[in-house]
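Colleague: Build me a model:
(one chain, ligands or ions: 1)
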Amino acid sequence: MNVSAHIEAVHAQVRRRDPGEAEFHQAVTEVLSSLTPALERHPEYVETGIVERLCEPERQLAFRVPWVDDHGDVRVNRGFRIEFSSALGPYKGGLRFHPSVNLGIVKFLGFEQIFKNALTGMSIGGGKGGADFDPRGRSDGEVMRFCQSFMTELHRHVGERTDVPAGDIGVGAREIGYLFGQYKRITNRFEAGVLTGKPVAWGGSHARTEATGYGTVYFAQEMLATRGHDFEGRRVVVSGSGNVALYAIEKVHALGGLVVACSDSSGYIVDEDGIDLELLKEIKEVRRARLSAYAEAKPTARFSARGTVYDLRCDIALPCATQNELGREDAVALIKNGVLAVAEGANMPCTPEAVQLFHEAGVLFGPGKAANAGGVATSALEMQQNAARDQWAFEETESRLAAVMRNVHAQCRQTAEEYSGTPDDYVLGSNIAGFLRVADAMSAQGIV
Ligand code: NDP
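Modeller: Numbering: from 1, shown residues only. Sure, this is the predicted structure:
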């Protein structure tokens, strides 16, 4: 069978077997469309069904999560954990609590995670999980009861050598704390390495909170450097105002850039003085309020419930909110306004049409599986520290994160150059580099 026919057959099988899982199909299409040159050099991967096996999770779990709200009413949510690939190590990937979560979304995230984790060069497989629970507007007691119920089922499937979840949208330090507490209570083990993203005071790693946002900016910095640019004096827009966005803003400011806008699901703010990070953190992390509160507190800022941050003139855009938030029209506006680089802090925030437009316009584009790999890389560093019962200083951990991001960037470029002659094709480079590492391990481990 020729390679294109093989890829199309796998593709058709995914569409037939997993109908309605739009985001999963999108993620599979994105990866498979890069793999032809790699499979032509490695026909043995076609013969041993590597791509077909990679598109089918090793295990997928869906479970009931019953809990009682503050009014005494019973609520029922659906929980998921997709254990996608353990070729390189224990399944590793976050938990997302958001009302939009369904099987297709968790599978897309788990699939992406396989290649991202491979790119870090660390010993971690790919997985992802979550629930269609919305923590927004819920009391701490409700969030705690939900997390306890979620972990009551999940604890059977996770462990420091099996599957190690972390945070994602809607799962921050508070949720990780409640999840860990319930795991410890049920198992009677202080197994620090079962979850990452823990507070620094009890088993967490310095720089994990900052890692995804910082890492995305490091990646963007590396891309810019290939054309003789840096962040100094640059106008930057960021979407989202959660964990990834906050620390992307912090690092851009540290490097001399100015972030003039960010968003949440209610709209966006523009502050030409540069986003005041302390105020933003207070509003989003302490008060857990809507972004409009920022404009109410700061006279130089304005809030808009319509449009997106991409309508604004900027040199660099960092989408850090959620999947498919930057579409064709946004890409057209960014290109028209002269954007130099787009780096994905979120997972798959740019639609395929937008990515294609960036490619055609020569805009530097860093796909999430490379640009936001700093979060999971630092989670792997947290696992190393837990295994050694050790904790490294912030500077030590951050310098390792920076080294990982430089290495991810270099791998993407070298692989893209080798397989397509175009080093700027970070999509192709990240997909092939991640794939080859996993495929080599799968080949060595036999048909499992
Ligand atoms: P948070 O929950 O901390 O923040 C998410 C932000 O995105 C919030 O500002 C939220 O707004 C906004 N948002 C969420 N859903 C939507 C939506 N449907 N439309 C518009 N805005 C939305 O999550 P994180 O910062 O952790 O994650 C952001 C992205 O980064 C996700 O794609 C995640 O998968 C990815 N990522 C995260 C990593 C991590 O370490 N945390 C690692 C690698 C990738 P609102 O408050 O209004 O809901």
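Colleague: I figured residue 210 hits residue 247, correct?
Modeller: Yes - because the distance of 4.3 Å satisfies CB atoms under 8 Å, residue 210 is recorded as touching residue 247. C-betas here are computed from N, CA, C, even on glycine.
Colleague: okay, the two: which has more neighbours?
Modeller: residue 247 (26 against 23; other CB atoms under 10 Å).
Colleague: and the helix or strand containing residue 94, what does it pack onto?
Modeller: Following DSSP states H and E, one finds residue 94 within strand 91-97. With contacts taken as 3 or more CB pairs under 8 Å, 6 or more residues apart in numbering; DSSP states H and E, strand 91-97 sits against strand 74-85, helix 103-119, strand 126-131, strand 163-166, helix 173-187, helix 374-387.
Colleague: Any buried residues in the first one, and which?
Modeller: To tie it back to what came earlier, the one meant is strand 74-85. Using 16 or more other CB atoms under 10 Å as the burial criterion, the residues of strand 74-85 that qualify are 77, 79, 80, 81, 82, 83, 84, 85.
Colleague: what sits against the residue in the stretch 151-300 of the chain positioned nearest to the ligand?
Modeller: Using CB to the nearest ligand atom, residue 242 is the residue of the stretch 151-300 of the chain that sits closest to the ligand, at 1.7 Å. The contact partners of residue 242, by CB atoms under 8 Å, 6 or more residues apart in numbering, come to 169, 264, 284, 320, 321.
Colleague: go again using 10 Å as the cut-off
Modeller: 167-170, 172, 212-213, 262, 264, 284-285, 320-322, 345-346 (CB atoms under 10 Å, 6 or more residues apart in numbering).
Colleague: The strand holding residue 94 to helix 173-187, inter-axis angle?
Modeller: 120 degrees (axes from the mean of the first three to the mean of the last three CA atoms, to 10 degrees).
Colleague: Would you mind naming what in the stretch 101-250 of the chain lies close to the ligand?
Modeller: 167, 168, 169, 170, 212, 240, 241, 242, 243, 244, 245 (CB under 6 Å from any ligand atom).
Colleague: and the first one, what pLDDT?
Modeller: For residue 167, the pLDDT comes out at 97.
Colleague: I'd like the numbering to begin with 711 instead of 1 from here.
Modeller: Noted, 711 is the first residue going forward, which turns the last one into residue 877.
Colleague: from what I can see it touches residue 907, true?
Modeller: Yes - using CB atoms under 10 Å, residue 877 is in contact with residue 907, at 4.4 Å.
Colleague: For the two, list the residues in contact with both.
Modeller: 804, 805, 883, 885, 886, 889, 918, 919, 953, 1085, 1089.
Colleague: before we move on, the earlier item: what's the distance between the residue of the stretch 861-1010 of the chain closest to the ligand and residue 1016?
Modeller: 21 Å (CB to CB, to the nearest Å).
Colleague: Leaving out sequence neighbours, find the closest residue to residue 741.
Modeller: residue 1141 (5.0 Å; CB to CB, 6 or more residues apart in numbering).
Colleague: which residues does the one you found contact?
Modeller: 740-745, 748, 825, 829, 1077, 1079-1080, 1122, 1125-1126, 1129, 1135.
Colleague: Over to residue 916?
Modeller: 910, 1088, 1091-1092, 1095, 1101-1108 are the contacts of residue 916 under CB under 10 Å, 6+ apart.
Colleague: The host helix or strand of residue 733: what's the following helix or strand?
Modeller: Using DSSP H and E, residue 733 sits within helix 732-742. Remark: after helix 732-742, the chain's next helix or strand is helix 746-751, criterion DSSP H and E.
Colleague: so what does that next one touch, helix or strand wise?
Modeller: helix 713-727, helix 753-757, helix 760-764, helix 1104-1130, helix 1136-1155 (3 or more CB pairs under 10 Å, 6 or more residues apart in numbering; DSSP states H and E).
Colleague: try 6 Å
Modeller: helix 713-727 (3 or more CB pairs under 6 Å, 6 or more residues apart in numbering; DSSP states H and E).
Colleague: list the helices and strands the helix it packs on packs on?
Modeller: helix 732-742, helix 746-751.
Colleague: Those helices: which one's closest to the ligand?
Modeller: helix 732-742 (11.2 Å).
Colleague: Next, see if the closest one gets close to the ligand.
Modeller: No - using CB under 6 Å from any ligand atom, helix 732-742 stays clear of the ligand, with a minimum separation of 11.2 Å.
Colleague: So what does the residue most central in space within the chain look like in phi/psi?
Modeller: Nearest to the geometric centre of the chain sits residue 1057, at 4.5 Å (CA atoms, centre = their mean). Residue 1057 adopts backbone torsions of phi -90, psi 120, taken as degrees, to the nearest 10.
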